[in-house]
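In: Sequence and predicted model, in that order:
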Amino acid sequence: MSLNLHLLRLFAAVAKTGSFSRAADILHISQPAISKGVRDFELQVGCRLLDRTPKGVRTTREGAALTRHAETLFAAERAAEDELQALRNLDSGSLRIGASTTIATYMIPEYLGIFHRAFPGIDLHVVSANTSDIAALMLAHEIEIALVEGPVEDESLVSEAWRTDVMGLIAAPDHRFATAQGPIQGPIQAPIDFRLLENEILIMREPGSGTREVVAQALAAHRIEPQRTLEIGSTEAIKQAVAAGVGVAIVSMATIDDQVKLGKLKVIPIKGVHIERMLWQLKSPGRLEVPAAVAFDGIVRETHGTQAGPRKPAVKAPRTDPAPKPRRARS
């Protein structure tokens, strides 16, 4: 049996006020209408809920039990209304953000700070995972914002380009790549031939990572097959392994600034090769975006737009996607 919530509301008003007339005044309906509604409700639930007396009405045992549930139900209704109102006004509520590991660690903290200063009442929740996991969370409606590094092949999602990320080859300061100097005097790093990577241990991210996908595309475009690879599921751990001399890696340039300044890593230029990728924001078509998500999206795009400068033309490995415009992923 499904309770008629309209009739439950009429009954709860009578039970609370102890009077049909006062309940009618509160609900702004006629007394005969509320009396009929309560009678219909009693027929629906199959028992008497109110005892009518000369001094008014009082709940039966069944009516008292139902009143308690009605109070809980309507309190939840008011809470939902309050939360929706707060979300519309960006005064309170929460925003769930999912980002690929590199983006979550190195790129969005600045955006989080800007958003928090503008909307301090909104609680921010950030999930860091690889690209495929973030796509799954977006499909499950467990996050409102999804920022990823690599292509996502799913017809239920649309990818929108939001910024370009430059990738670079890194090595330890005493690695043979790093000790070669340029043709002119001074500590200028000499570019290497990309094919030299075939004789190195290339440290890569795990399958499902956008970074791994872009590196694999760059290697395939130049027909390079490293004889040995090492898989590590964290950019931070990859950088530590490279600094320790375990191997070399191709990572986002946004992730290495501190280690390069401290002299723990060196960036190795590659002759005739410039690797960059498009970073993507995943959208779910037809899904209503909450105001907090709209506001965060605006900050991400506006902030990047003010910081982005012109890029030098260069020979590139294939992009993650050749056209930086909204597209529907293919299955």
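Out: Looks like it came in fine.

In: how about the strands in this structure?
Out: With DSSP state E as the criterion, the chain has strands at 50-53, 56-59, 93-100, 122-129, 145-148, 158-171, 201-204, 228-231, 248-252, 266-268, 275-283, 327-328.

In: could you dump those to a markdown table with distance to residue 65 and mean pLDDT?
Out: Where C-beta positions appear, they are placed from N, C-alpha and C, glycine not excepted. Compiled in a markdown table, those are given as follows (distance: least, Cβ to Cβ, whole Å; pLDDT from 0 to 100):
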| stretch | distance to residue 65 | mean pLDDT |
| --- | --- | --- |
| strand 50-53 | 13 | 89 |
| strand 56-59 | 9 | 90 |
| strand 93-100 | 34 | 91 |
| strand 122-129 | 36 | 93 |
| strand 145-148 | 44 | 94 |
| strand 158-171 | 50 | 92 |
| strand 201-204 | 63 | 97 |
| strand 228-231 | 60 | 96 |
| strand 248-252 | 61 | 95 |
| strand 266-268 | 72 | 94 |
| strand 275-283 | 47 | 91 |
| strand 327-328 | 52 | 48 |
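
In: okay if I get these as TSV plus distance to residue 20 and mean neighbour count?
Out: What follows is those, written out as TSV (distance: least, Cβ to Cβ, whole Å; neighbours: other Cβ atoms under 10 Å):
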stretch	distance to residue 20	mean neighbour count
strand 50-53	9	13
strand 56-59	7	16
strand 93-100	39	22
strand 122-129	44	16
strand 145-148	51	26
strand 158-171	55	20
strand 201-204	75	21
strand 228-231	73	12
strand 248-252	70	25
strand 266-268	81	19
strand 275-283	52	23
strand 327-328	58	14
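
In: right, so of those strands, which gets closest to residue 19?
Out: Comparison of the strands of the chain against residue 19 by Cβ to Cβ identifies strand 56-59 as nearest, at 5.3 Å.

In: contacting residues for residue 232?
Out: Residue 232 makes contact with 203-206, 238, 241, according to Cβ atoms under 8 Å, 6 or more residues apart in numbering.

In: returning to that earlier point: can you redo the strands of the chain as JSON lines with distance to residue 12?
Out: JSON lines is the format used below for these (distance: least, Cβ to Cβ, whole Å):
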{"stretch": "strand 50-53", "distance to residue 12": "11"}
{"stretch": "strand 56-59", "distance to residue 12": "10"}
{"stretch": "strand 93-100", "distance to residue 12": "28"}
{"stretch": "strand 122-129", "distance to residue 12": "32"}
{"stretch": "strand 145-148", "distance to residue 12": "39"}
{"stretch": "strand 158-171", "distance to residue 12": "45"}
{"stretch": "strand 201-204", "distance to residue 12": "62"}
{"stretch": "strand 228-231", "distance to residue 12": "61"}
{"stretch": "strand 248-252", "distance to residue 12": "58"}
{"stretch": "strand 266-268", "distance to residue 12": "69"}
{"stretch": "strand 275-283", "distance to residue 12": "42"}
{"stretch": "strand 327-328", "distance to residue 12": "48"}
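
In: Residue 73 is nearest to which of those strands?
Out: For the strands of the chain, proximity to residue 73 was assessed by Cβ to Cβ; strand 56-59 is nearest, at 16.0 Å.

In: now for the closest one, which elements pack on it?
Out: The elements that strand 56-59 packs onto, with contact taken as 3 or more Cβ pairs under 8 Å, 6 or more residues apart in numbering; DSSP states H and E, are helix 5-17, strand 50-53.

In: Does anything pack onto the shortest one? Which helices or strands?
Out: Using 3+ Cβ pairs under 8 Å, 6+ apart as the contact test, the elements touching strand 50-53 are helix 5-17, strand 56-59.

In: One more: the longest one?
Out: Helices and strands touching helix 5-17, by 3+ Cβ pairs under 8 Å, 6+ apart, are helix 20-27, helix 31-45, strand 50-53, strand 56-59, helix 61-89.

In: Any chance of TSV for those, columns distance to residue 193?
Out: Output for the helices and strands packed on helix 5-17, formatted as TSV (distance: least, Cβ to Cβ, whole Å):
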stretch	distance to residue 193
helix 20-27	82
helix 31-45	82
strand 50-53	90
strand 56-59	87
helix 61-89	55
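
In: among these, where is the model least confident on average?
Out: Of all those, mean pLDDT reaches its minimum on helix 61-89 (a mean of 81).

In: roughly how far is it from the heart of the chain?
Out: On the basis of Cα atoms, centre = their mean, to the nearest Å, helix 61-89 sits 30 Å off its chain's mean C-alpha point.

In: If you count contacts, what does that helix end up packed against?
Out: Judged by 3+ Cβ pairs under 8 Å, 6+ apart, helix 61-89 is in contact with helix 5-17, strand 93-100, helix 291-307.

In: measure the most centrally placed residue in the chain to residue 293 for me?
Out: Geometric centre of the chain, nearest residue: residue 98, 2.3 Å, by Cα atoms, centre = their mean. In this view, residue 98 and residue 293 are 11 Å apart by Cβ to Cβ, to the nearest Å.

In: Many thanks, have a good one.
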